[in-house]
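J.: Build the 3D model from these lines:
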Amino acid sequence: MGREFISLFENWADSYDDTVVGHDLQYKEVFRNYDGILDDVVKRSGHQVIEFGVGTGNLTAKLLAAGKKVCGIEPSKAMREMAAGKLPKDAAVLDGDFLDFPAPPFSPDTIVSSYAFHHLTNEEKREAVRQYGKILRKHGKIVFADTVFKDRKAFHSAVKDAEEKGFHQLAEDLETEHYPTLSEMETIFTSEHFSIAFQKHNDFVWVMEAAKL
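T.: So this is what the prediction gives:
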């Protein structure tokens, strides 16, 4: 359920914020327009938000600054500690993951995440969306920003391009984690009674907005 990648984030916590601003050339395109991507998620969100995969708290901070009520969920202790250093003292960031998480302290109208849903297999993604459908009110939304590929051909092309550029860590990342295609994400959401729309932000990342029917 994504926790197999916790050690990665325990080790990445101290340098994650440097990566998202483009200091790691391999991931520069992945995080291009990072602030704009997070802003788009905030803009599409309602007022009572659960955030999965808080990381160092960058999206959380933007949601709170926009006046939204936020309950954050993050499985990595190191990431939670980094987030605590930049968020208000009363900000709630709880231990949990996409599938195993404490009951939220309020009834959410939106569930958000950035750069994290690909840690789940497609079967786990669907189970997560099924759970969210049970806790969201009618017309509630899921707004995720994540790496998604147009199709499998585009995925294999991205891996090949990374290898040719000598970006071996990026290539290994793409082949190790569970990056979906647009059609796979559409099937997951529509099969759980959500409508879904996609907005592309760079060569890797799309914002997905799913509304509960």
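J.: Next, count neighbours for Glu123.
T.: Glu123: 10 surrounding residues under other CB atoms under 10 Å. Glycine gets a C-beta too; all of them are placed from N, C-alpha and C.
J.: Need the contact partners of the helix or strand harbouring it.
T.: Taking DSSP states H and E as the criterion, Glu123 maps to helix 122-135. Helix 122-135 is contacted by residues 1-2, 98-99, 104, 107-108, 111, 117, 120, 142, 178, 180, 184-185, 188-189, 191-194, 210, 212 when judged by CB atoms under 8 Å, 6 or more residues apart in numbering.
J.: can you do 6 Å?
T.: Met1, Phe98, Leu99, Ile111, Ile142, Glu184, Ile188, Glu192 (CB atoms under 6 Å, 6 or more residues apart in numbering).
J.: next one: stretch 59-77
T.: 3, 6, 9-10, 38, 42, 47-52, 54, 80, 87, 92-94, 96-97, 101, 104, 114.
J.: mind checking how far the residue lying farthest from the centre of the chain is from Ala61?
T.: Using CA atoms, centre = their mean, the residue of the chain lying farthest from its centre is Glu164. It sits 27.3 Å away. Distance, Glu164 to Ala61, using CB to CB, to the nearest Å: 37 Å.
J.: likewise Val30?
T.: 20 Å.
J.: Spatially nearest residue to Phe149, not counting backbone neighbours?
T.: Residue nearest to Phe149 in three dimensions, not counting chain neighbours: Phe155, with 4.2 Å by CB to CB, 6 or more residues apart in numbering.
J.: could you say which helix or strand contains the one you found?
T.: Assigned by DSSP H and E, Phe155 belongs to helix 152-164.
J.: List the buried residues in that helix.
T.: Using 16 or more other CB atoms under 10 Å as the test for burial, helix 152-164 gives Phe155, Ala158, Val159, Ala162.
J.: Compute the distance between the residue positioned nearest the centre of the chain and Asp35, please.
T.: In the chain, the C-alpha nearest the mean C-alpha coordinate belongs to Ser114, at 2.7 Å (CA atoms, centre = their mean). Going from Ser114 to Asp35 by CB to CB gives 11 Å.
J.: show me what contacts Phe144?
T.: Ser113, Phe117, Met208.
J.: Surely it forms part of a strand?
T.: Yes: assessed with DSSP: H, G, I helix; E, B strand; the rest coil, Phe144 lies in a strand.
J.: one step back: filter the contacts of stretch 59-77 to the buried ones?
T.: 6, 9, 38, 42, 48-52, 54, 80, 87, 92-94, 96-97, 101, 104, 114.
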